[in-house]
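> 3D model of this:
(chains A and B)
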Amino acid sequence: MAGALTLPVPTTGARRSPAPGNRRWLLLRAGGVVFVLWAAATITFFALRLIPGDPAEAILGGPGSQAGPEALEQVRREYGLDQPLLVQYLTYLGRLATGDLGQSYSLHKPVATAIGEQFGATLALALCSLVLAWALACALAAWSVRGGRVAWAIGSGLELVAAAVPHFWLATVLILLFSLTLGILPPVSVPGPLGIVLPALTMAIPLAGFLGQVMRESLLTAMESPFVTTARARGESEVRIFWRHTLRHAAIPAVGLSGWAFGSLISGAVVVESVFARQGLGRSLLSAVQLRDVTLVTGIVLVVALAYTVMTLVTDLADRAIDPRGRAVTE
Amino acid sequence: MTGQVLTERAVTAPVLTVRDLVVAFPDRRGQGRRVVDGVSFHVAAGECVAIVGESGSGKSVTARSILGLAGEGARVSATELTVAGQDVLSLSGRSLRRLRGGTVGLIAQDALVSLDPLRPIGREIGDTLALHTGLDAAARRARTVELLERVGLPEADLRAGQRPGQLSGGQRQRALIAAGIAGEPELLVADEPTTALDQPVQAGVLRLLGQLRDDGTGVLLISHDLSVVLGIADRVLVMTDGVVVEEGTPSEVFERPRHPYTRKLVDAVPAGRPRGLPLSAGAPPSAVGPRPAAATPTAVVERSGGSGTAAHEATKPTFGEVLLEASGLSRTFQVGGREIVAAHDVSFSLRAGRTLGLVGESGSGKSTTARLLLGLERPDAGEVTLLGEPWSPLPETERRPRRSLLGAVFQDALSSFDPRWTVGAILADAVTRGRSTRHGPVRAEVSELLDTVGLDPALATRRPLHLSGGQSQRVSVARALAADPRVLILDEPVSALDVSVQAQVLDLLDRLQRERDLAYLLITHDLGVAVHMSDDIAVMQAGRIVESGPAASVFESPGHPYARLLRDAVRL
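Numbers count the residues shown, from 1 in each chain, chains lettered A, B, ... in the order given. Below you'll find the model as predicted:
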C-alpha cells in the first residue's frame, strides 16, 4: 500500500518533511476503493458462474421447477445469458457503473431497493458493536493497568476467552442470562433501542477481546516509555496519564485493525441476525444464497465491500489523527 | 576559584537536602538490593551540583527519588529528604503531584522519547501550566510561547505546534527544558540532559542550564560524562555502586582526584590524551609507547616482517599502503519531495595501520559515507576502490567474494545481533562467512577470536541480551575480525558506552590496529575520541568534507568555522 513505503532515511537532524499532501493521499485511497469494488464485482461474477447448474434454471426456481426448454430459452434471452461470457461481463460492469444492481429473482424487486431496506439495520448493529467493543476493550485495559499484576493477568485471561467464543454460543448464553433468567432484555429483536443490545453485545465481546489483545502489548511498551516518566514528573495523575498518553499509543495498532474488524462484524451479522431473528443484510444474504438469487448475492457482496473499504478509509484517517507522524518516514 | 561565593551560597537555606538516602529494590530472595546506599548532599538556590557516575552507579535513582519516582517496588528511606522545606517521603497523592513539576522539575535524557512523540510540544508545556498555574487556555498558550523563547527556540509560536520528531535534537531538548521550568520549580533535576546531543548543541543546552542556575534555580545535574559537568557545576559528586566516593569543586575532582575510581574516570576521558596512550588502567604494557610515525615506513616494514606466520605475511599490507580509496562519492535522498544531500564529492583514502577520523554532527552524512564504503548504498556518483580494484558501484555478486576484506562495527552492537543466537553462533556465522552457525566445528577459531578481544571463551554459550554493553561491543569487534579484514569501518563504536568501558574498547581497537596493520575509518561525533584515535581527521558538514588533515593540526588550528565550533565545544 502507498502508506507502507519505507524510504531510506539518511541520519539527518533536519526536520522531516510533512507527509505527502492530504489531497493526494485521499485521491490515491479513493482510487483504491474503486479498484476493490471492481475486483469484488469481478470475482463474484465469475465465482457464481463457476457454480455447477444452469443459472436460468435457478431463476425459474431451481432444478425442481420442471421448467420447459422454451421457458429456459426465454429466461436466457431476457437475462442475456445466451451472450458470450465476456459480453455478459461487460454488460454487467456497465450496469453496475450506472448504479443498476439488477432485479432480485426471489424477492421480485430491484436489488438496490431490497438492500436499501436492510442495510440500515445491519449498519446500526455493526457500528454499535464496534463502539461497544472499543469501550469494553479500553475499560478492561484501564482496569488492568491500574489493578497491578493480578488484574493484568485476569484482564489478559478474559480477553483470551472473549476473543475465542463463537457468536452463536455467546448469543445463546446472553439470551439465557438476560432474557430468560433476569428478564430485562428481549430474547428476539424488537424495534427500538432495547432490541439492539443483545445482538450488539454478542458481536462486541469477541471483538473487544481481540482489540484488547492487540492493545495489551503496545500498552506495556507505552507504560514504560520515558514520556510517561516525564508526565509523572510534571505532576500528572495516573488516570490522566493513561487516558492522555498511554492509551493513545496503545490504540494505534488496534485502530489500524478496526477496518478489518468492521468487515468481520458484517460477516458475524449473518449468524447473529439469524439467531436474534433480526432483519438485516446478513439474513438477506443467507436466504439469497439458499435460494441461489445470484443478483441479490452480488449486490450484497458489493455493498459490503463498499462499506468495508469506506470503513478502512475512515480508520486510516483516524490512525493519521491519532498518530500524526508521517507513515512514510519511520523513526 | 569561587570558594568564597560557595560558602556564601551554602549559608542560604538549601533547596534540596538529602541525608543518608537509601534506595533498595527487593530481589527474588526478598532481600533488598541497595542501589543507593547512604548518599548525602544538598543543593542551594542558584547552585548547580553534579552527580557523576557510570550506569548502575545509582545516580539516576538518587535523582528520581527526589520526585518520589524511584521506580516500582523501590524502598526509599532517608534521615532527611526535603525539597524547599517539604518532606518528600511523607508526601503522597495530590501533594506529591503538586511537588512534581511545581517545586521540582525533571529534565530527562532524550526529548524524542521523553516528550510524547504524538503530541505537539506546546501541549506538553501547556499541561504543566494547567497543573501548576491558574492560567486560562489563552494565557497558557501565550506563556508557552514565552517559555519556548526563554529557552532559546527560534520562531517559538510556530514550534509550539510541532511534535518532537519534527524538531532537531537540540531544539526538542530545549522544549523539554521549557516543559521542566514551566511550573517555575525551585529545583531542576537534569538527568543526562545532553547525552543524545552533538557537542556544539550540548554546549548550548549546558549554557542554558547555567543561565537558569544564575537566575536562582537550584540545579541537580546527573551525567556519566565528567567533561560535561566541568563548565557548569559548582560542586561535583562522584558516585559508584550507590556510594558517593568523592566530592569537590570540578577543578579539584578533575585535576587532583583522590579516590581511585575518580582517577580511573578522569584517565578514561580521551580528549587531550595523545594517540597510543592507553586510557584504561589494565591495558597491557606492550600497547604503551609511541606509534611508528607514517614518515618512517622502514621501521614499520621491519616490524611487520618480524611477526606473524608466513601465510599471513604474504597477505600483509605494507604500513601506510592505501587499502581503500573513495573518490567523489555523492548520494542524495528524496524525502517527501525534498532533496537531502547526504554526501557530496566525498574523497579520502584509508591506509594500512592508520586511522582516519570522520567527525561531524548528526545528519552531516557520516553514516551514509560508511554505508557507501560498505556497499550498502549505491553512490549517485563517484567510486570506491578496494586494494586497487573497483569495489563500488560494482554489482553485489561481483563484490561478495571480496566482502571479507572489509569489516564493520556499529554503535548499537546489541541490535546488530540476532538475539536468538549465542555468541558462538554469531561468531561461527562470521568465521564460516555465513555458511554455518554451528559453533562446534569452529570452536577453536571462535575461542581465539574471543581471546583476541579480551573476552572469556566461555562467553560463547551466552546470548547477546545477557552481555554487558562493553562485552557486546567486543563481540561485535570479534565478528568484524572473523573474516580477517584489512579495513574496518567503525561507526560510532563507543558512543553508547560508559566512559571507562569506552576507554577499554578504544584501547582494544588501538592494539588490534598495531597487531594487524588494519586501516580504520572511525566515525564519531566526539572530537575527543577522534583526536585520541586518529592519524588524520576529516570534518563533515551537510554531506561535504569541509576540512581534513593531520589530527593535531585540525584540532589545534582549525580553518573552517565549523571545525572551530566543534573544537570549542570540546573545550567548553
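
> which helix or strand contains the closest residue in space to B:Q471 that isn't next to it in sequence?
Sequence neighbours aside, B:L455 is the residue nearest to B:Q471 in space, at 6.4 Å (criterion: C-beta to C-beta, 6 or more residues apart in numbering or on different chains). For every residue, glycine as well, the C-beta is placed using N, CA and C. Under DSSP states H and E, no helix or strand contains B:L455.

> same question, B:L490
B:L490 belongs to strand B:487-491, assigned by DSSP H and E.

> returning to what we had before: what's near enough to touch the residue nearest to B:Q471?
B:L455 makes contacts with B:471, B:474-475, B:478, as judged by C-beta atoms under 8 Å, 6 or more residues apart in numbering or on different chains.

> related to what we said a few turns ago, can I get the following helix or strand past the strand holding B:L490 as PDB, trimmed to CA atoms?
Of the helices and strands lying after strand B:487-491 in sequence (DSSP H and E), the nearest is helix B:499-516. Extracted in PDB, the C-alpha atoms of helix B:499-516 (Å, rounded to 0.1, in the frame of the first residue of the first chain):
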ATOM      1  CA  VAL B 499      33.500   6.300  29.700                       C
ATOM      2  CA  SER B 500      35.600   3.600  31.400                       C
ATOM      3  CA  VAL B 501      34.200   0.900  29.100                       C
ATOM      4  CA  GLN B 502      34.700   3.200  26.200                       C
ATOM      5  CA  ALA B 503      38.400   3.500  27.200                       C
ATOM      6  CA  GLN B 504      38.800  -0.300  27.200                       C
ATOM      7  CA  VAL B 505      37.200  -0.700  23.800                       C
ATOM      8  CA  LEU B 506      39.300   2.200  22.300                       C
ATOM      9  CA  ASP B 507      42.500   0.600  23.800                       C
ATOM     10  CA  LEU B 508      41.400  -2.700  22.200                       C
ATOM     11  CA  LEU B 509      40.900  -1.200  18.800                       C
ATOM     12  CA  ASP B 510      44.300   0.500  19.100                       C
ATOM     13  CA  ARG B 511      46.000  -2.700  20.000                       C
ATOM     14  CA  LEU B 512      44.300  -4.600  17.100                       C
ATOM     15  CA  GLN B 513      45.400  -2.000  14.700                       C
ATOM     16  CA  ARG B 514      49.000  -2.300  15.700                       C
ATOM     17  CA  GLU B 515      48.900  -6.100  15.600                       C
ATOM     18  CA  ARG B 516      47.200  -6.400  12.200                       C
END
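
> ok and helix B:499-516 relative to strand B:487-491, angle-wise?
170 degrees (axes from the mean of the first three to the mean of the last three C-alpha atoms, to 10 degrees).

> buried stuff in helix B:499-516?
For helix B:499-516, burial by neighbour count (16 or more other C-beta atoms under 10 Å in any protein chain shown) applies to B:499-514, B:516.

> now swap in stretch B:428-443 and tell me
Neighbour counts over stretch B:428-443 (16+ other C-beta under 10 Å) mark B:428-432, B:437, B:439, B:442 as buried.

> and stretch B:51-69, by the same measure?
B:51-54, B:57-69.

> and stretch A:274-288, by the same measure?
A:274-276, A:278-286, A:288.

> contacts with chain B among the residues you listed, please.
Filtering the buried residues of stretch A:274-288 for proximity to chain B by C-beta under 8 Å from any C-beta of the partner chain leaves nothing.

> restricted to helices, list the buried residues of stretch B:428-443.
With helices taken from DSSP state H, the overlap with those comprises B:428-431.

> the helix or strand that B:S349 is a member of to strand B:487-491, inter-axis angle?
If you go by DSSP H and E, B:S349 is part of strand B:338-351. Counting by the same axes, to 10 degrees, strand B:338-351 lies at 140 degrees to strand B:487-491.

> would you confirm that B:V52 contacts B:V238?
Yes. B:V52 is within contact range of B:V238, at 5.3 Å (criterion: C-beta atoms under 8 Å).

> where do the contact lists of those two overlap?
With C-beta under 8 Å, 6+ apart as the test, B:V52 and B:V238 both reach B:L265.

> what strand or helix carries B:V145?
Per DSSP H and E: helix B:137-150 holds B:V145.

> can you mark which positions in that helix are buried?
Neighbour-count burial for helix B:137-150 flags B:140-141, B:143-145, B:147-148, B:150 (criterion: 16+ other C-beta under 10 Å).

> now render those residues as CSV, adding distance to chain A.
Below are those laid out as CSV (distance: C-beta to the nearest C-beta, whole Å):
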residue, distance to chain A
B:R140, 14
B:R141, 17
B:R143, 15
B:T144, 13
B:V145, 18
B:L147, 13
B:L148, 16
B:R150, 17
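
> by pLDDT, rank those residues and give me the bottom one.
Lowest pLDDT of those: B:R150, 84.

> mind listing the helices for the stretch 1-150 of chain B?
Ranges of helices within the stretch 1-150 of chain B are B:3-11, B:59-65, B:93-102, B:111-114, B:121-132, B:137-150, based on DSSP state H, counting those that start in this stretch.

> which residues touch A:T315?
A:255-259, A:262 are the contacts of A:T315 under C-beta under 8 Å, 6+ apart.

> before we move on, back to that, TSV for the buried residues of stretch B:428-443, including pLDDT and distance to A:P186?
Compiled in TSV, the buried residues of stretch B:428-443 are given as follows (pLDDT from 0 to 100; distance: C-beta to C-beta, whole Å):
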residue	pLDDT	distance to A:P186
B:A428	92	68
B:D429	91	66
B:A430	90	70
B:V431	89	73
B:T432	88	71
B:T437	81	64
B:H439	81	68
B:V442	86	73
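
> tell me which two of those sit farthest apart.
Pairwise distances across these peak at 11.7 Å for B:A430 and B:H439 (criterion: C-beta to C-beta).
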